[in-house]
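Peer 1: How does the following fold in three dimensions:
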Amino acid sequence: MAPMDLAAAAHHVEMDMVGLQSGIQDQICSAFGGINHIAMHRFPEATVTPLDLPPGVREVLESGSC
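Peer 2: Alright, predicted model coming up:
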């Protein structure tokens, strides 16, 4: 399943099956993984662009020392 389709399915479960009011950012983050820029166009439409980090930044973020 494509990441955006997976995010949409998770959003559907939260909104329609469980009855919770929900945005889509958490589902998109979980489905895509990594570090991304998420542009929200019109709910629930979004564009995801992976971000390239400078060398060493990922390691610092993962270490929790920032």
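
Peer 1: Relative to the whole chain's centre, how far out is the helix or strand C29 falls within?
Peer 2: Secondary-structure assignment from DSSP states H and E places C29 in helix 25-32. Its chain's C-alpha centre and that of helix 25-32 lie 3 Å apart, by CA atoms, centre = their mean, to the nearest Å.

Peer 1: buried stuff in the next helix-or-strand element following it?
Peer 2: Elements were assigned by DSSP H and E; along the chain past helix 25-32, the next helix or strand is strand 36-42. If you call a residue buried by 16 or more other CB atoms under 10 Å, then strand 36-42 has these buried ones: N36. Backbone N, C-alpha and C define where each C-beta goes, glycine included.

Peer 1: What strands line up against the helix or strand just after strand 36-42, and which way round?
Peer 2: Once strand 36-42 ends, the next helix or strand along the chain (criterion: DSSP H and E) is strand 45-50. Applying DSSP bridges to the sheet, strand 45-50 is found paired with strand 36-42 (antiparallel).
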